[in-house]
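Visitor: here is a sequence together with a model predicted from it:
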Amino acid sequence: MDFDLNGADAKHSYKLLAGLVVPRPIAWVTTLNEDGVINAAPFSFFNVMGTRPPIVAFAPGDRSPGIPKDTAKNIRTSGEFVINLVDEETAEAMNITSAEIAAGESEITLAGLHTESSRSIAPPRISEAPVAIECREWSTLEVGRNRIVIGLVQCLHVKDGILDPETLLVRPEAYAPVGRMEVPSGYCRTRDRFDMPRP
């Protein structure tokens, strides 16, 4: 099957790409609005993009054409955000925060979550998240109707036990992230792993 995603099949782009380019990590982003209300929202168009300097990128999309979602709006105002990673224990709460709620309400309260102060920026991190990445906006790119936020990593928080304290390598038995799979509601666990040494 072939699809012309810039032509006749453009209307199927989201369904096809979001369903086939999997698994994707989930950026559970916390920001602050101008009134200090915490916004928390998950985005699966996300990944780490480099380490010198350390950068991440995610695509919050728009609420409607030309109207940014609260996350993008808050980042544009403050220039700061936290990417909290999602594991099996936090997956259900992450899903709750994807709900559309009234402006000025916090998804943190809705999902029964807790927050902790960040070290270098104003938006807090989610206490329950296994990993939190404090970021400052480097740039927001607009490509057609796509909005891509690039963040410079300022600080990384990792729950005790996830990393080997000597090697700083991940202990797979202690870290169970979930990934985004096929649309509209597919996810995967990452417990079934294998090693494949490079040649």
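Guide: Now that the structure is in, tell me what you want to look at.

Visitor: residues in contact with the helix or strand bottoming out on mean pLDDT in the chain: which ones?
Guide: Per-element confidence for the chain was summarised using mean pLDDT, DSSP states H and E. The lowest value among helices and strands belongs to strand 62-64, with a mean of 80. When contacts are taken as C-beta atoms under 8 Å, 6 or more residues apart in numbering, the neighbours of strand 62-64 outside the stretch itself are 68-69, 72, 145, 147. Placement of C-beta: from N, CA and C, glycine included.

Visitor: strands paired with that strand, and their directions?
Guide: According to DSSP bridges, strand 62-64 has the following sheet partners: strand 67-68 (antiparallel).

Visitor: which non-adjacent residue is nearest the residue positioned nearest the centre of the chain?
Guide: Within the chain, one residue has its C-alpha closest to the average C-alpha position: by C-alpha atoms, centre = their mean, that is residue 27, at 0.8 Å. Of all residues not flanking residue 27 in the chain, residue 46 sits nearest, at 3.7 Å (C-beta to C-beta, 6 or more residues apart in numbering).

Visitor: so that neighbour touches residue 83, yeah?
Guide: Yes. Here residue 46 reaches residue 83: they are 7.3 Å apart, a contact under C-beta atoms under 8 Å.

Visitor: the two - which one has more neighbours?
Guide: Using other C-beta atoms under 10 Å, the more surrounded residue of residue 46 and residue 83 is residue 83, with 26 against 22.

Visitor: now that one, what's its secondary structure?
Guide: Per DSSP: H, G, I helix; E, B strand; the rest coil, the secondary structure class of residue 83 is strand.
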